[in-house]
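Trainee: how would this look folded up:
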Amino acid sequence: MKKLLSVVLLFSVFCTFGTFAQRTYPVDYFRPPLDIPMYLSGTFGELRSNHFHAGIDIKTQGVEGLKVYAAAGGYVSRVKVGLGGYGNALYITHPNGYVTVYGHLQKFNKVITAYVRKYQYKRKSFAVDLYPEKGVLKVHKGDVIALSGNTGGSLGPHLHFEIREAANQHPLNPLLFKSLKISDNKSPVIAELAVYPMGDSSCVNNLNDTTFFKITASKNDFLLQGDSIINVSGKVSFGLRAYDRMNKTRNKNGIFREQLIIDSVLVFDIRLNELSFYTSRYINSLIDYRYFQKKKRRLIRTELDTNNRLAIYSTIKENGIFTFTDTTMHHVRYVVADAYGNTSRFDFKLKGYQPDTIIRKKHRFPKGDSLVQISFSKNTEITIDSLGVSIPANALYRSQILNFGQSPGNSKTFSDIFTVGNRFVPLQKYCAISMPLNQTIPDSLTSKLYVAKLNQDGSADFAGGNYNDGIMVFKSRSLGKYTVMADTTPPVIRPLNVSDDKKVTNQKSLKFKITDKPTGIKKYAAFLNDKWILMVYNPKKSLITYHFDWLLKKGNNHFKLYVFDHCDNEAIYEVNIIY
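Mentor: Numbers count the residues shown, from 1 in each chain. Model (predicted):
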């Protein structure tokens, strides 16, 4: 490495985590799952909350109900109906060793619907996860298998589509299967650079703190705003925010590849051609998690945390941390590409120097908090006053100091407010936490207690918890402030198209709004003439629907709906209807 390091690299820490041998993808084996031009609102490997996006999101022209086709012949190997995630989803196993996945579906075709309905009634559950035998639900290439929708965690109508390897269920980048033709000749956009001093003796432009730089576009190339030179001393790492544009869409989609080249030497290279669900949450080690929590923008860091098990790195030298102790100019280039080979370059200059003074920004922990050094590779049991925290090995991405504290609650809380680390530190695994109550609770109230996570804006989120002899015990993968609250208010059931003794002959369904604060809906059950019936629940709209079926008889019918929240407060609505 010519000018990069004045500290000579006696050996190069060169790590290859993934297998990047040239893979051959089937051509024209898979057809598009929709019969409309394919425009994407999300790409494979896109950076999402706590995970990488495992497929592509295909726009459905802003509507639901488009026909969804089997991309190739095979058999339905899994059918899932869920409230979150992919909602209504189909998995088709193909004889060539791949599985295609179709998510957020509005409804399945009649044959699959009948299969699902049988098990929903058998299990008395709307949500089911089924694995049909190989010969039960066969499909051919081009068969209509479902209609597109907006179920599960979808934020708008679209089709989520994946291609996986059947042997290990690893999602592959569908855009590498060239038979899925998408128009894209736009290059990625490079939006923001971060330079991180690594250690007390390092600095960027005299500052011993993360420094962010604005970037301007020049055709397909990008430059530092003002084409300035960055002065660096000591060890630094980098972070970059970039996104991809595609033809005829305004979406900011994810990139496919990112490379960093310093003085003509490739020092960092990641590619998003294959993922693993087992390691997807390690995305929180890849990004600048603190910056994301503050700004809701994601930068990819070059620094490799000790407990980072992602297999997306084809090249990473010096664990992504680079040393500049000389006084010479260094030429740095980022190259960012999408899956179709459209590339953008970002060139800038670093100058090594010896600073006269270093401005240090003090990062203070809250006064009075206890500080504990945590080794990421060891199980750690912490007891501070009355707070207990159990952190399993490899829950953190690196060894670091965490703060723990306690402050008085308020009139709505049944415990003090406990600080368990801070929200800028991500967790890979669940930690077990125990917090004592600060008052005597009557037995009638113990089942109504829950742990609340306190947010920056003053709101609180339900975090679960179980009461045990004056202590609330719970698990969390999120650090921050917690307290104990109570929920004694039952859910609200609001009928939308039914009233007592109403004739429903001209209707096809019964609809209700069900809502609950602050803990949310936990479960529900409905009965018609004392027999369990299937209610379709749409949490995004707080809507629950009974679509009339064979259990609705001519004449008088008695309908009864039970709804429970997470503290087991119960609401009941019953009505007589005439059909």
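Trainee: from here on, just use CA atoms for contacts and neighbour counts.
Mentor: Will do.
Trainee: the lowest-mean-pLDDT helix or strand in the chain: what's the following helix or strand?
Mentor: Of all helical and strand segments in the chain, the minimum by mean pLDDT, DSSP states H and E falls on strand 359-360, at a mean of 90. Where DSSP states H and E defines the elements, the next helix or strand beyond strand 359-360 is strand 370-374.
Trainee: the strands in the stretch 51-200 of the chain, which residues?
Mentor: 51-52, 56-59, 67-69, 74-81, 88-93, 98-108, 128-130, 138-139, 144-148, 158-165, 171-172, 189-197 (DSSP state E, counting those that start in this stretch).
Trainee: redo those strands as TSV? Include mean neighbour count and distance to Asp565.
Mentor: Formatted as TSV, those follow (neighbours: other CA atoms under 10 Å; distance: least, CA to CA, whole Å):
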stretch	mean neighbour count	distance to Asp565
strand 51-52	20	28
strand 56-59	23	33
strand 67-69	22	35
strand 74-81	22	21
strand 88-93	25	23
strand 98-108	24	25
strand 128-130	17	20
strand 138-139	18	40
strand 144-148	23	30
strand 158-165	25	30
strand 171-172	24	35
strand 189-197	22	44
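Trainee: pLDDT below threshold where in the stretch 151-300 of the chain?
Mentor: Filtered on pLDDT under 70, the stretch 151-300 of the chain yields the residue ranges 220.
Trainee: revised request: answer the last question for the chain.
Mentor: 1-22, 220.
Trainee: apply 50 and report the result again.
Mentor: The chain contains residues with pLDDT under 50 at 1-19.
Trainee: elements contacting the top strand by length along it?
Mentor: Ranked by number of residues, the top strand in the chain under DSSP state E is strand 229-243. If you count contacts as 3 or more CA pairs under 8 Å, 6 or more residues apart in numbering; DSSP states H and E, strand 229-243 packs onto strand 189-197, strand 203-204, strand 300-301, strand 322-324, strand 343-352.
Trainee: which strands border the longest one, and is each parallel or antiparallel?
Mentor: Strands flanking strand 343-352 in the sheet, each with its direction: strand 221-224 (parallel), strand 229-243 (parallel), strand 329-337 (antiparallel) (DSSP bridges).
Trainee: let me know the next secondary structure element after the second one.
Mentor: Going back to what we said before, that points to strand 229-243. Next helix or strand after strand 229-243 toward the C-terminus (DSSP H and E): strand 257-262.
Trainee: quick check: angle from the lengthiest helix in the chain to strand 144-148?
Mentor: Counting by DSSP state H, the longest helix found in the chain is helix 110-123. For helix 110-123 against strand 144-148, the angle by axes from the mean of the first three to the mean of the last three CA atoms, to 10 degrees is 70 degrees.
Trainee: for helix 110-123, buried residues please.
Mentor: Judged by neighbour count (16 or more other CA atoms under 10 Å), helix 110-123 contains these buried residues: 112, 115-117, 119-120.
Trainee: from these, which two are the most distant?
Mentor: Farthest-apart pair in these is Ile112 and Gln120; separation 12.3 Å (CA to CA).
Trainee: just give me the closest of the buried residues of helix 110-123 to Gln225.
Mentor: Using CA to CA, Ile112 comes nearest to Gln225 of the buried residues of helix 110-123, at 56.0 Å.
Trainee: residue contacts, the closest one?
Mentor: By CA atoms under 8 Å, 6 or more residues apart in numbering, the residues touching Ile112 are 137, 145.
Trainee: that older thread, tilt between the longest helix of the chain and strand 88-93?
Mentor: Using the same axes, to 10 degrees: helix 110-123 against strand 88-93 is 110 degrees.
Trainee: helix 110-123 to strand 74-81, inter-axis angle?
Mentor: Between helix 110-123 and strand 74-81, the angle comes out at 40 degrees (the same axes, to 10 degrees).
Trainee: starting at the chain centroid, how far to helix 110-123?
Mentor: The chain centre lies 30 Å from the centre of helix 110-123; the measure is CA atoms, centre = their mean, to the nearest Å.
Trainee: between that helix and strand 98-108, how many degrees?
Mentor: Using the same axes, to 10 degrees, helix 110-123 lies at 80 degrees relative to strand 98-108.
Trainee: neighbours around Tyr546, how many?
Mentor: Applying other CA atoms under 10 Å, we find 16 residues neighbouring Tyr546.
Trainee: and the gap between it and Lys560?
Mentor: Distance, Tyr546 to Lys560, by CA to CA, to the nearest Å: 11 Å.
Trainee: what's near enough to touch the closest residue to Asp263 other than its chain neighbours?
Mentor: Among residues not flanking Asp263 along the chain, His331 sits closest, at 5.1 Å (CA to CA, 6 or more residues apart in numbering). Counting by CA under 8 Å, 6+ apart, His331 touches 262-264, 347-350.
Trainee: for His331, name its beta-bridge partners.
Mentor: Applying DSSP bridges, one finds that His331 bridges with Lys349.
Trainee: and what of Ser233?
Mentor: Cys203.
Trainee: quick one on the thing from earlier: may I see the ChimeraX selection of the buried members of the contacts of His331?
Mentor: Of the contacts of His331, the buried ones go into a single ChimeraX selection, burial set by 16+ other CA under 10 Å:
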select :262,263,347,348,349,350
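Trainee: can you put the contacts of His331 in JSON lines and add distance to Tyr243?
Mentor: Formatted as JSON lines, the contacts of His331 follow (distance: CA to CA, whole Å):
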{"residue": "Ile262", "distance to Tyr243": "22"}
{"residue": "Asp263", "distance to Tyr243": "25"}
{"residue": "Ser264", "distance to Tyr243": "24"}
{"residue": "Asp347", "distance to Tyr243": "17"}
{"residue": "Phe348", "distance to Tyr243": "19"}
{"residue": "Lys349", "distance to Tyr243": "22"}
{"residue": "Leu350", "distance to Tyr243": "24"}
